[in-house]
Every structure is written in structure tokens, then in C-alpha cells.
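Participant: Would you be able to build a 3D model of this:
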Amino acid sequence: MTKQELIGRTKKFALAIMELVSSFPKTRVADIIGHQLIRSGCSVGANYRAACRAQSRADFIHKLKIVLEETDESQYWLELAIARNLEDNAMIKALIGEAHELAAIFVSSINTARRKRQLLKEECVFYNLKSKL
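Facilitator: Here you go, the predicted model:
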């Protein structure tokens, strides 16, 4: 999946969460869960875009970890929405599935970035040793 495709997918996730929350009943509990869900669900895409503009590989990894945390938090609030029967469970379960898939993508990206960072470190050590010989 390309960076642009993932940006689009995270935006679609945020929009679907907004649509879901707008269908919640007008109660204090639904308002609180809805507010938190919109905050974390929209944060996934916003923070992913920030990660795409990272200044270094370490910065990229750090920002992707934040994206992963927001994705996990979104899953939590979605699970609470199911527990409180705030909306059709099928719609919420679909969003939980999407959050789970996004989390898997972000974990994979973090692991890939870590491996690349480690390879670069090993290359630097190798070249430094070679130049001293």
C-alpha cells in the first residue's frame, strides 16, 4: 500500500467514525464516547500525515508509534460503543476490523523502519572499520 493510499484510507476511517458518532443517541454517555472516538479516530490520519513528514527515520518511527496508539484507542472506544449498544453492532464491528487492519499495517511499517535503521547503523560501523584498516 502506498503512502497516498494509506492517507486516503485513514481519512476514510475518520469520516466513517464521524458518521457513526452522528448516529449515536443523544445521551451523556454517548456524547462522551463519541467525543473520544472522534478525537482518536481523526487523530490516526492526522498523525500518519505527520509521520510522512518526519525529519528522520527515528522521528518516523516515533510518530508511527503515536498513530498506532491512536488506532488502539479508537478500537477501545468502539468496543465501549458496542458494550453500551450505542449503534448497530455490524457497523461498529466493521470499524473495529478496519482499525485492526490499520494497526497491523502500522506495526509492520514500524518494524520495517526499525530494520532499515539497524541496517544503516551496521553499514556505518562496517565502513568506519574498513576506513581504519
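Participant: Am I right that residue 72 is in contact with residue 102?
Facilitator: No: taking contacts as Cβ atoms under 8 Å, residue 72 lies outside contact range of residue 102: 10.0 Å. Backbone N, C-alpha and C define where each C-beta goes, glycine included.
Participant: which residues of this protein fall in helices?
Facilitator: In the chain, the helices defined using DSSP state H lie at 3-22, 28-52, 57-83, 89-132.
Participant: can you list those in JSON lines and add mean neighbour count and mean pLDDT?
Facilitator: JSON lines is the format used below for the helices of the chain (neighbours: other Cβ atoms under 10 Å; pLDDT from 0 to 100):
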{"stretch": "helix 3-22", "mean neighbour count": "16", "mean pLDDT": "97"}
{"stretch": "helix 28-52", "mean neighbour count": "19", "mean pLDDT": "98"}
{"stretch": "helix 57-83", "mean neighbour count": "19", "mean pLDDT": "97"}
{"stretch": "helix 89-132", "mean neighbour count": "14", "mean pLDDT": "82"}
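Participant: pretty sure residue 74 contacts residue 16?
Facilitator: No: with contact defined as Cβ under 8 Å, residue 74 does not reach residue 16; the gap is 10.7 Å.
Participant: Need the overlap of contacts for the two.
Facilitator: residue 95 (Cβ atoms under 8 Å, 6 or more residues apart in numbering).
Participant: which residues does residue 34 contact?
Facilitator: 21, 24, 86.
Participant: how about 7 Å then?
Facilitator: 21, 24 (Cβ atoms under 7 Å, 6 or more residues apart in numbering).
Participant: now residue 29
Facilitator: residue 84.
Participant: how near is residue 53 to residue 82?
Facilitator: Applying Cβ to Cβ, to the nearest Å, the value for residue 53 to residue 82 is 35 Å.
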